[in-house]
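Asker: quick one, fold the following:
(2 chains)
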2 protein chains.
Amino acid sequence: MDRITIVGIGSIGASIGLALKRAKLTNLEVVGSSGNGKALSAVSKMGAVDTTTGNLRSAIANAGLVILDAPVGETQELLEAIGPVLEDGCVVTDTSPTKVPLMNWADENLPRGVSFVGGRPLPKSVPADIEEADPSIFEDTDYCIIPSKSADQAAVRTVVGLVERLQAKPLFLDAHEHDSYAAAMTYLPIVMSSAFVTATAGSASWREMHRLATSEFRDFSSLASNDPQDNRDASLANPKTLVHWLDRLITVLYGFRNQINDNSEGLFDSFINAWEAHAKWESGAVGSDDEEGRARIPTAGESMATFMMGGRLAERYREYTARDNKKKAGWKYLRKT
Amino acid sequence: MDRITIVGIGSIGASIGLALKRAKLTNLEVVGSSGNGKALSAVSKMGAVDTTTGNLRSAIANAGLVILDAPVGETQELLEAIGPVLEDGCVVTDTSPTKVPLMNWADENLPRGVSFVGGRPLPKSVPADIEEADPSIFEDTDYCIIPSKSADQAAVRTVVGLVERLQAKPLFLDAHEHDSYAAAMTYLPIVMSSAFVTATAGSASWREMHRLATSEFRDFSSLASNDPQDNRDASLANPKTLVHWLDRLITVLYGFRNQINDNSEGLFDSFINAWEAHAKWESGAVGSDDEEGRARIPTAGESMATFMMGGRLAERYREYTARDNKKKAGWKYLRKT
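Answerer: The predicted structure is shown next:
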């Protein structure tokens, strides 16, 4: 009987468990382990695991694959705890969006004969809580695989096999590369969200102003409601690269601020550039430029706008690029009055 | 037959139309007018209006109430166009999140005998497009009413009546007050979103990095996909107050940046403060402090955490405030190994 143990199980770990059960693998036991009894009873009830236990030592005994599904701030302690207990040949992977420090902790704490192969699912959506775990969130998505230097080929194949069972696509990355991207895509929004809440809710007018908090406030403030310890740990996991992205963001924000303050012509271009970059990303066109890159953007943007938005915005885009009639976009029918 | 005309109709205007039809008012005709034929056929098909026309003059002839539902950048032109045509006694309202410039434009363009009473719905959610218009989005929400200086009492009562038909609650505000709050709650996120996209998608690593764009990127970039002309107009509607909020945000962001860079003890407090401010907002507890305000926060926060989050986070909150055992939060069961 092969054993896969999911440790510190949250909504991603539970979704992995459900996907493994859905694959109907024979001769496999999936074990869930956590210090949180409520999480254990939830994963047990939904059938994401075969057995659960609050005893970490017995959970990982004889495991062939251990999946750590815990906040990055708790992973070091977990690796310290499991290192002495793991059997020779065991493979350890994880699900956190931080890899450089994890590689070091794994190196320090796991014995020879145990391979660490970092994992980073990029699901379509993250279930809000464990009860909403869903095996389909991995289908046709990328799943980063970041092997440690000492990991053997068999261990990498084991994690590739896991990824394929989830119906996801392996994406091999270097740990530093991964962490720089994750800092911009995952951790920068956490800091933005927390700073936004502090800047607004910390102001003297908040008692009145909060009544005007619409969907924009709800969406932009939601990451500030993560456990603050997790947010702190996430920010400090790779501080250098996060500071790099924060500096970049602050510079761009200050540029917008000055263009707004000066009523600058360039403000319109700034919003067009952001709109176009977003449209390229949304339509899956990133990286499909020709060699000249941004030089051809108006044409590319126009065809993309037509493709994505249909009428109104495409027409506007033509007007932007022509720039001869900015103010009269749209409301031409007014002239009939 | 009374006539209400919704001009420049989008998803909010269509939702207002649906709510008016749902109220089954007798002797009322609801007219939809726009330069966008597709929008007109959509609102006609869903039964949000009785009739539609692309001819603005005939749409507003004999109207007792005109509701402008258009981006702020188009409203000035609309007011210029309708001013000479409106009948004596007509009431004009709008739905835009900008009031100070609108008050001026209304003052300049509407004749004596026509009252402008600004409106600002604060719906539970904004339907993504006109086809998703929904009359229930206004139920039990605040709806700002901002009368112009020259508006007569009957006109204010007309708009209050409209708000009540939508099952919303009138919230009277001064135009300057409204615009300062809207700049922080509605326009600041637009600039943040656009700056975030520019800072990340404009970097050399974007071609690789965009594969790691998870739900955080999707959520934080979405406002950059608004029509860039609307985003520009929104930013310039009240530039002074938006610049004030941008300066505040940049200052707070820079504080986080330095705390991350210096691995400062204070970083944890910064995330706790943002978390707590968000929790207070989410639980409806803003303004319920006693006179001492922030001095009592730990106790208030603790009870709120218990109320809102139940076990894990409430326990952590006690640990934060005690501060004697930060690192060991949670994973106590590790000690069993």
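
Asker: so where is the stretch 201-337 of chain A shaky, pLDDT-wise?
Answerer: Within the stretch 201-337 of chain A, the ranges that satisfy pLDDT under 70 run A:288-337.

Asker: and the helix or strand containing A:Asp179, what does it pack against?
Answerer: If you go by DSSP states H and E, A:Asp179 is part of helix A:175-182. Counting contacts by 3 or more C-beta pairs under 8 Å, 6 or more residues apart in numbering or on different chains; DSSP states H and E, helix A:175-182 packs against helix A:100-109, strand A:115-121, strand A:142-147, helix A:239-261, helix B:206-209. Where you see a C-beta, it was placed from the backbone N, CA and C, and this is true even at glycine.

Asker: next helix or strand past it?
Answerer: Trace forward from helix A:175-182 with DSSP H and E and the next one is helix A:188-201.

Asker: phi and psi next, for the closest residue to A:Val126 other than its chain neighbours.
Answerer: The shortest distance from A:Val126 to any non-neighbouring residue, by C-beta to C-beta, 6 or more residues apart in numbering or on different chains, is to B:Ser215 (6.0 Å). Dihedral angles of B:Ser215 (phi, psi; degrees, to the nearest 10) stand at phi -60, psi -30.

Asker: quick one on the thing from earlier: out of the helices and strands packed on helix A:175-182, which one sits most buried?
Answerer: Scoring those by mean neighbour count under mean count of other C-beta atoms under 10 Å in any protein chain shown gives strand A:115-121 as the most buried, with a mean of 24.

Asker: next one: that strand to chain centre, how far?
Answerer: 15 Å (C-alpha atoms, centre = their mean, to the nearest Å).

Asker: now do the helices in the stretch 1-150 of chain A.
Answerer: All helices of the stretch 1-150 of chain A, identified by DSSP state H, counting those that start in this stretch, fall at A:11-22, A:37-45, A:56-60, A:72-82, A:100-109.

Asker: where among these is average confidence lowest?
Answerer: Mean pLDDT across the helices of the stretch 1-150 of chain A is lowest at helix A:72-82; the value there is a mean of 92.

Asker: what lies in contact with that one?
Answerer: Outside helix A:72-82, the residues that touch it by C-beta atoms under 8 Å, 6 or more residues apart in numbering or on different chains are A:7-8, A:56, A:60, A:66, A:68, A:70, A:92, A:94, A:96-98, A:101-102, A:105-106, A:108-110, A:229-230, A:232-234, A:237, B:330-331, B:334, B:337.

Asker: pull out the buried positions in it.
Answerer: A:Val72, A:Gly73, A:Glu74, A:Thr75, A:Gln76, A:Glu77, A:Leu78, A:Leu79, A:Ala81, A:Ile82 (16 or more other C-beta atoms under 10 Å in any protein chain shown).

Asker: of these, just say which sits nearest to chain B.
Answerer: Within the buried residues of helix A:72-82, the smallest distance to chain B is 4.6 Å, found for A:Ala81 (C-beta to the nearest C-beta).

Asker: how big is the angle separating the helix holding A:Asp179 from helix A:239-261?
Answerer: 30 degrees (axes from the mean of the first three to the mean of the last three C-alpha atoms, to 10 degrees).

Asker: using PDB, write out every CA atom in helix A:175-182.
Answerer: The C-alpha trace of helix A:175-182 is given here as PDB (Å, rounded to 0.1, in the frame of the first residue of the first chain):
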ATOM      1  CA  ALA A 175      13.600  28.900  -7.300                       C
ATOM      2  CA  HIS A 176      14.900  32.500  -7.600                       C
ATOM      3  CA  GLU A 177      13.000  33.000 -10.800                       C
ATOM      4  CA  HIS A 178       9.800  31.700  -9.200                       C
ATOM      5  CA  ASP A 179      10.200  33.800  -6.100                       C
ATOM      6  CA  SER A 180      10.700  37.100  -8.100                       C
ATOM      7  CA  TYR A 181       7.600  36.400 -10.100                       C
ATOM      8  CA  ALA A 182       5.600  35.400  -7.000                       C
END
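
Asker: for that helix, what is the average pLDDT?
Answerer: Here the average pLDDT along helix A:175-182 is 95.

Asker: closest point of the stretch 1-150 of chain A to chain B, which residue?
Answerer: Counting by C-beta to the nearest C-beta, the stretch 1-150 of chain A gets nearest chain B through A:Gly35, at 3.7 Å.

Asker: that residue: neighbour count?
Answerer: A:Gly35 has 20 neighbours, counted by other C-beta atoms under 10 Å in any protein chain shown.

Asker: ok, now the one 5 residues further on?
Answerer: By other C-beta under 10 Å, the residues close to A:Leu40 number 20.

Asker: repeat that for A:Ser205.
Answerer: Neighbour count of A:Ser205, defined by other C-beta under 10 Å: 12.

Asker: same question for A:Gly161.
Answerer: A:Gly161 has 12 neighbouring residues, counting by other C-beta under 10 Å.

Asker: which SSE is it in?
Answerer: Here A:Gly161 sits within helix A:153-165, counting by DSSP H and E.

Asker: tell me the first helix or strand C-terminal of that helix.
Answerer: With elements assigned by DSSP H and E, the helix or strand that comes after helix A:153-165 is strand A:169-172.

Asker: same question for that following strand: list its buried residues.
Answerer: Applying 16+ other C-beta under 10 Å to strand A:169-172 flags A:Pro170, A:Leu171 as buried.

Asker: one more: stretch A:169-189?
Answerer: Neighbour-count burial for stretch A:169-189 [16+ other C-beta under 10 Å]: A:170-171, A:173, A:175, A:177-189.

Asker: quick one, domains of chain A?
Answerer: Using automatic domain parsing, the domain parsing of chain A gives A:2-173, A:178-333.

Asker: quick one, what contacts the nearest residue to A:Ala155 once chain neighbours are set aside?
Answerer: Residue nearest to A:Ala155 in three dimensions, not counting chain neighbours: A:Ser115, with 3.3 Å by C-beta to C-beta, 6+ apart. Residues in contact with A:Ser115 (C-beta under 8 Å, 6+ apart) are A:Cys90, A:Val91, A:Val92, A:Pro147, A:Ser148, A:Ser150, A:Ala151, A:Asp152, A:Ala154, A:Ala155, A:Val156.
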